[in-house]
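[1] From the sequence below, what's the structure:
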Amino acid sequence: MTPTARTEPDEATRASRPKEPMSATATIRVRHHAAPKPISSEIYGHFLESAFFGNIEGGVFDEGSPLSVDDDTPLRGCRRDVIDAFRDLGLPIVRWPGGNFTSPYHFEDGIGPRDERPRRLELAWGSEETNRFGTPEFLSWCEAVGTTPYLAHSARDVDEAVRWVEYTNYGGDTDFARSRRADGRDEPWDVRVWGVGNEVYGEWQMGHRPVERYVHDASEHLRFMEQVSPGLSFVAVGSERQEWTEAVVRGLGDRIDYVSLHLYAASMQLVDRSTEEWEAVVGQAAYFEHAIGAQSDTIERIRGELGFTRPIAIAIDEWNCRHLEPSSWPEPMPGDDGGIADRGLLPEPSAAEREGDAGSLRVSRYSPRTLADALLYAGVFHAMHRASQRPVPVGMANAVNLVNANGVLAVRPDGVVRTAVFHVWDLYQNHTGRIPLETAVTAPSRSLEMRLGDEHLPSGTFRTMPTTVSLLDVSSTTDADGVLRVAVINRSASDAITTELDLPEGWSTAGATVRTLGVDAEDLFAVNSLSDPDVVTLSDEREAAFGTDSSYTFDAHAITLLLFRA
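    Now for the predicted structure:
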């Protein structure tokens, strides 16, 4: 990590060793839902964007690297160690080619012989796109790692959208079907999930338009894309702005499967590594839960008014925590160890920079994921788990980004770093269940001005809302194997919390086991690196130590997963 004028956390910043636990100060009561609806596995999805800070070139794709595939297939140039890491983790679904990159993108630039593809000035991020990683490479990569592809189209050209579906899914003898075969794929790819536009409500998008125009254009796209390949799943562009989402659902709600929602938290940890900043970061899971609830209610209300019966889910197909830093600092670059390259001794931030003034800050794209991010992301997963019981649940989520650029995996010339949040995905995706249980929690809490993501007021400061955040956030799940899994986040920076557990009939603490993440970290903003890859990682499973009254003490600044077998 780049040093600032203060290179070591002070005592307020350093993760405290858990204090001696008090007598039980919290309770967790778990019961069965009467008719539980399953948690979608696709909430653990991901996102790749071309021409974006090493997502593709220098990330999943690195031609000439000795670590890359070297054969005559579309996988040539893809990093083998990246493929192996994601095979280990498991990826349910991956969105591509963006993001903002989607809006100006033409898929035909990225098919055919690589050396004949055009190099384009790319206007989303102001770079040059080689197009050497295109549709055949992405779909081959998805097949290699075992994930479902989600392709996003600009919704600016119906014919282009139709031809893209034809290229991927049509089995006949057309020019585009022949192109797919020439690119190494004889049988159709049968891509089922398609995005129709990206953030078209925003002036930063090529193809920005009013919602009425978007609904008209998207309707035509849906009609003809469906004609090429019946049974597609479509993601329409939603927004936190209620009036936009209402119009989209009114116009398209009987023909789409998802309405998108993009949510970003904000962290000032690069300039403020205090306990207060820790609390501000991990507490923003409550903002996500609030936004999910509002979006769900809006969609369900309009569906009810119009009598739509086709199920709709929310797709949070962009989300993460943006690390902000002073724009006066030297531009961050990728460091060989997995974080930011050394920028020397950075000046102390100004008062405006410390307070989050929008005009003086930028997103630090190479800032590695931290322990604080890990607990925030876990809280977002808990919010999605709870939303599964809503009439309009979260059916899919795609975190920004999968590789580099604040990603789950940091890729460097000499290897890869499984970041702190890689292990959060492992814990929730691979070790929790899909059947939620009703969970009631009574625990100490904190009152704070909750950041409403990374949005700012006209004055330049963060938008906030006064709220109370529980120090314990709990999600209970099970599966066909009959194991009860109780995932507990202790958001306290310093205090262990002793808790009484009240479990459903059939489960007891006898023989229970536990896994943890973050317990041993010595810094609230700890990170993993190539030289020290396991600072924040998921522990091995071990016997859980309960008190005589079936109480359990949850360590500070950590995620604990308790497993109870009937």
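
[2] So which bits of the longest helix belonging to the chain are buried?
    Longest helix in the chain, counting residues (DSSP state H): helix 285-306. Applying a neighbour-count criterion of 16 or more other CB atoms under 10 Å, one finds 285-289, 291-292, 295-296, 298-300, 302-303 buried in helix 285-306. Every C-beta, even on glycine, is put in place using the N, C-alpha and C of the backbone.

[3] Include distance to P368 and pLDDT when you put those residues into a markdown table, please.
    Formatted as a markdown table, those follow (distance: CB to CB, whole Å; pLDDT from 0 to 100):
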| residue | distance to P368 | pLDDT |
| --- | --- | --- |
| A285 | 20 | 98 |
| A286 | 24 | 97 |
| Y287 | 23 | 97 |
| F288 | 21 | 98 |
| E289 | 26 | 98 |
| A291 | 26 | 98 |
| I292 | 27 | 98 |
| Q295 | 30 | 98 |
| S296 | 33 | 98 |
| T298 | 36 | 98 |
| I299 | 35 | 98 |
| E300 | 38 | 98 |
| I302 | 41 | 98 |
| R303 | 41 | 97 |
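
[4] any idea which of the residues you listed is closest to L361?
    Within the buried residues of helix 285-306, proximity to L361 (CB to CB) peaks at Y287, which comes in at 18.5 Å.

[5] Verify the stated contact: the closest one with M450.
    Yes. If you go by CB atoms under 8 Å, Y287 and M450 touch, sitting 5.7 Å apart.

[6] helices or strands up against the strand ranked longest in the chain?
    Longest strand in the chain by number of residues (criterion: DSSP state E): strand 313-326. If you count contacts as 3 or more CB pairs under 8 Å, 6 or more residues apart in numbering; DSSP states H and E, strand 313-326 packs onto strand 45-47, strand 258-267, helix 285-306, strand 361-363, helix 371-387, strand 394-399.

[7] Just to be sure, Q227 is in a helix?
    Yes. Judged by DSSP: H, G, I helix; E, B strand; the rest coil, Q227 forms part of a helix.

[8] what ranges do the strands span in the stretch 51-200 of the chain?
    For the stretch 51-200 of the chain, the strands defined by DSSP state E, counting those that start in this stretch cover 93-96, 120-122, 127-129, 148-153, 193-196.

[9] Single out the most deeply packed of those.
    The highest mean neighbour count among those, using mean count of other CB atoms under 10 Å, belongs to strand 93-96: a mean of 26.

[10] quick one: contacts of that one?
    Under the contact criterion CB atoms under 8 Å, 6 or more residues apart in numbering, strand 93-96 has outside partners 42, 45-50, 138, 142, 147-152, 193, 195, 317, 396, 398, 402.

[11] so how far is I340 from V281?
    Per CB to CB, to the nearest Å, V281 is found 18 Å from I340.

[12] Then H221?
    In terms of CB to CB, H221 sits 40 Å off from I340.

[13] circling back to that earlier point, list of residues touching whatever helix or strand comes next after the longest strand of the chain?
    Sequence-wise, the next helix or strand downstream of strand 313-326 (DSSP states H and E) is helix 351-354. With contacts defined as CB under 8 Å, 6+ apart, helix 351-354 is touched by 268, 271-272, 326, 328, 359-361, 460.

[14] Can you say which of those are buried?
    The neighbour-count test (16+ other CB under 10 Å) marks 268, 271-272, 326, 360-361 as buried among these.

[15] relative to helix 371-387, how tilted is the helix or strand in which A440 is found?
    Assigned by DSSP H and E, A440 belongs to strand 435-442. Relative orientation of strand 435-442 and helix 371-387, computed by axes from the mean of the first three to the mean of the last three CA atoms, to 10 degrees: 110 degrees.

[16] by contact count, what packs against the helix or strand that comes right after strand 435-442?
    Under the assignment DSSP H and E, the closest C-terminal helix or strand after strand 435-442 is strand 445-456. With contacts defined as 3+ CB pairs under 8 Å, 6+ apart, the packing partners of strand 445-456 are strand 258-267, helix 275-282, helix 285-306, strand 462-470.

[17] would JSON lines of the ones you listed with distance to F525 be doable?
    As requested, these are exported to JSON lines (distance: least, CB to CB, whole Å):
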{"stretch": "strand 258-267", "distance to F525": "9"}
{"stretch": "helix 275-282", "distance to F525": "7"}
{"stretch": "helix 285-306", "distance to F525": "17"}
{"stretch": "strand 462-470", "distance to F525": "19"}
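
[18] Quick one, which of the ones you listed gets closest to D159.
    strand 258-267 (23.4 Å).

[19] Show me what that closest one is packed up against.
    strand 233-236, helix 242-252, helix 275-282, helix 285-306, strand 313-326, helix 371-387, strand 445-456.

[20] Tell me which of the ones you listed sits nearest to R485.
    Closest among these, once you apply CB to CB, is helix 371-387, at 10.9 Å.

[21] That closest one - what's its average pLDDT?
    If you average the pLDDT over helix 371-387, you get 98.

[22] Next, the angle strand 462-470 makes with that helix.
    Here helix 371-387 runs at an angle of 70 degrees relative to strand 462-470 (the same axes, to 10 degrees).

[23] Return the distance of the closest residue to F224 other than its chain neighbours relative to L222.
    Excluding its sequence neighbours, the residue lying closest to F224 (CB to CB, 6 or more residues apart in numbering) is V162, at 5.0 Å. According to CB to CB, V162 and L222 sit 11 Å apart.

[24] For the residue nearest to the spatial centre of the chain, list each beta-bridge partner.
    Using CA atoms, centre = their mean, the residue of the chain that lies closest to the mean C-alpha position is A399, 1.9 Å off. With DSSP bridges as the criterion, A399 is bridged to H46, W319.

[25] circling back: look at V281 and I340 and report which has more neighbours.
    Neighbours around V281 and I340, counted as other CB atoms under 10 Å, are more numerous at V281. The numbers are 26 against 22.
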